[in-house]
Each structure stands twice: as structure tokens, then as C-alpha cells.
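*Asks:* Dropping the sequence and predicted coords here.
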Amino acid sequence: MSKTLILNLRDTKLEGNILDVGESFGVIYNISKDIFGEIAVDYVASDNNNKIMENDYDTCTMFFYLSSLWSNSNKARLLEEVTKYLKVGGKIYIWDINKEPKQIVNNKIMAVLPSGKIKEFEFKNINPLSKSSLELNERLLEKYYKIEESKLWEDMHFIKAVKF
């Protein structure tokens, strides 16, 4: 069943050099552009990992990406990898879906940006093996980060954590 989920990002403020992991549907770019006017967002992809420097980023974002990974070990490896790129005291922001194994997710998401504009996109996850939840992602983060804020609403969750 398809739902429309509204994600209010009006108060989201991303700082410094930003490392965006996964496909963020243009949302992270637009949040950064609204705040800074000009932006420096680097994207993690297999073809540009050599451009990414360790301890160089103030902020890392994962926008509906962790839930796309099949196993907890893959999620843990990704978090370990991106943690190398964040400075001590850097922040990681994770927005993701709540999903149980065998559940199919096919939602329309309306993200309200700091400018008041709305960015719409479809989010699908038909992977029968993947599981995503606030508790699971917090457990994966606690090895490297102090959870500063977490929210759970409807079928989504948000985590803001600081690298120690």
C-alpha cells in the first residue's frame, strides 16, 4: 500500500563540508543551498571514493539509504567507512524508513525544505531481506557516535549523532 509521508526539514541546518551518502533525491543539496547560498557537498559513489579525504568532513548525511542495504554487517561496514571521513565532533544525520523483513515499501515522500519549498520523490524498498528501524540504526552507530537526537514518527525515523 502506498502512503504519502511528510518530512519537515524546515529547521534542518547542515554545517561545514558535507558528505552525502547514497541518493538523496536532491534534498540534501537543496537544504545546503538554502542555508549557505553556495555549497560544498560531496557524494559517495564507487567512482569518486579516491577524492574523499579522511577526517575532512564536518557533516555526513544518509537520506533513506541504510534501509536499502541487505544486511546489518553491510550497514556496519558502511558506517565504519564514512566515520573515517568525518572529523572528531562531526555530525551524522540519518533519515530512513521503518521496515520489517518481507515488508514492501512504496511511499511518496514530501520533504519540506528550510526555504518552504517542497521536494517530492518516491521511495521504494522491495528487498524482502532488509530491515530498518530506529533502534537498529542507533545500535550500529553507538560504536563511533554519541546519539544527540532521535525521532520516530509514522513510518520514518531520524538520528543525529556526533562522532567521538
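*Replies:* Cool, got the structure. Numbers count the residues shown, from 1 in each chain.
*Asks:* what about the longest strand in the chain?
*Replies:* When secondary structure is assigned using DSSP state E, the longest strand within the chain turns out to be strand 86-97.
*Asks:* hey, C-alpha coordinates of it in PDB?
*Replies:* Taking Å, rounded to 0.1, in the frame of the first residue of the first chain, the C-alpha atoms of strand 86-97 are listed here in PDB:
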ATOM      1  CA  LEU A  86      34.200  12.700   9.500                       C
ATOM      2  CA  LYS A  87      36.200  14.900  11.800                       C
ATOM      3  CA  VAL A  88      36.000  14.200  15.500                       C
ATOM      4  CA  GLY A  89      33.000  16.200  16.600                       C
ATOM      5  CA  GLY A  90      31.500  15.900  13.200                       C
ATOM      6  CA  LYS A  91      27.800  15.000  12.900                       C
ATOM      7  CA  ILE A  92      26.000  12.300  11.100                       C
ATOM      8  CA  TYR A  93      22.300  12.800  10.100                       C
ATOM      9  CA  ILE A  94      20.200   9.700   9.100                       C
ATOM     10  CA  TRP A  95      16.700   9.900   7.800                       C
ATOM     11  CA  ASP A  96      15.200   6.500   7.000                       C
ATOM     12  CA  ILE A  97      12.200   4.300   6.700                       C
END
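*Asks:* Could you number the chain from 12 rather than 1 from now on?
*Replies:* Got it, the first residue is 12 from now on, which makes the last one we talked about strand 97-108.
*Asks:* contacts for it?
*Replies:* When contacts are defined by Cβ atoms under 8 Å, 6 or more residues apart in numbering, strand 97-108 is touched by residues 18, 23, 25-27, 30, 66-78, 93-94, 116, 118, 134, 136, 143, 148, 152, 156, 159, 166-175. For the C-beta atoms, the positions are set from N, CA and C on the backbone; glycine is no exception.
*Asks:* Return a ChimeraX selection command for the buried portion of those.
*Replies:* Restricted to the buried members of those, where burial is judged by 16 or more other Cβ atoms under 10 Å, the ChimeraX selection command reads as follows:
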select :18,23,25,30,68,69,70,71,72,73,74,75,76,77,78,93,94,116,118,134,136,143,148,152,156,166,167,168,169,170,171,172,173,174
